[in-house]
Every structure is written in C-alpha cells, then in structure tokens.
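Chemist: next input, structure requested:
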Amino acid sequence: MPNAAIDIAAPRDRVFHYVTDPRYLPDWQPDVIKPPALPTGGLSVGTLLDCTVDEDGRAQEVRLKVVELVPNEQIVYASEHPTFLMESEFRLTGRGAQTRVSHAIRVQPKGMGRFFLPRIKNRLQAKVEARLDMLRRIVESQELGLNAGPAA
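Modeler: Numbers count the residues shown, from 1 in each chain. As a prediction, the model looks like this:
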C-alpha cells in the first residue's frame, strides 16, 4: 500500500506536535476543509475526531479514531468509508535536530471498493508523498497558520 518517508530538519517533538495537533492539518493536508477540534487534554488512544475533507470536489465528513499513539514516535488513525477501511500511520525516528517521518496508508476494501482500489493506489501514493513534502516545508520554515508549535 502507499508509503513514503522524508527527513525533516527539526526535532521529533516539534514534528510530532504538527502531525498530531488537528489545527495544523489544513496547513499540510490541503484536502482537509474543516479540521477536527483539539480535544481537551490532547489525543489519546480511542479519541474520535470528526473532520470535513474535499473528495473530488465534494465535502465529505470523516471520523478518525486514534488506534495507536506513542508520544514523539508513532500515531495511527483509522477511518471507515462506504467502500473501504483505512489506517494512516506516521512513524518518527531520529535524534537531535533531524527527524525521519514515515507515512503509510493501509486500505482494506469492502464491497465495491475492491474494484476501485487498483485505480486509486497511484493517487494515494502521490498524496502520501505530497503531504510529507508539505509537512517538511512547513515545519522547517515554521510558517504554520497558528505558529503555536514548540520551539525547536
């Protein structure tokens, strides 16, 4: 399934903050029209996040569930769609001022989704690579909309 990795010139805690704070999603995931609210106390396993995304010009409500969370190392979101189940995993490794972010998407088609999966694989791969590149540029430039990330 789609996956990619990128090196970001920033410490892991700073990168993890941007990956896990829903307020920043539109800054590096442009298909997010309305990001979910940041829950009081932050994210934890089991947290549900409702957001609106643009899917081919149509607004679609998506519910994400945090299924794995290791601070500064990993987060996995799961979501269910009419034609597939999806998990989106981010892993962070590295030391000091350098972080490697790996992003993988696992898709389990259901029903008619089995017919669509071969068509969308390349599109998902391109999306994974583009999102990581946007994340890198934003974190390294510190030009986030909220400018509230922890200092490097």
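Chemist: pull the longest helix from this protein.
Modeler: When the chain is parsed with DSSP state H, its longest helix is helix 113-141.
Chemist: name the helices or strands packed onto that helix?
Modeler: strand 3-8, helix 12-20, helix 25-28, strand 84-93, strand 99-109 (3 or more CB pairs under 8 Å, 6 or more residues apart in numbering; DSSP states H and E). (C-beta placed from N, C-alpha, C; glycine too.)
Chemist: for the next helix or strand after the third one, which residues meet the burial criterion?
Modeler: When you say that, I think you mean helix 25-28. Following helix 25-28 in sequence order, the next helix or strand is strand 32-34 (DSSP states H and E). Going by neighbour count (16 or more other CB atoms under 10 Å), the buried part of strand 32-34 is residue 32.
Chemist: before we move on, what about stretch 48-66?
Modeler: Within stretch 48-66, the residues scored as buried using 16+ other CB under 10 Å are 49, 51, 53, 62, 64, 66.
Chemist: secondary structure class for the fourth one?
Modeler: At residue 62, secondary structure determined by DSSP: H, G, I helix; E, B strand; the rest coil is strand.
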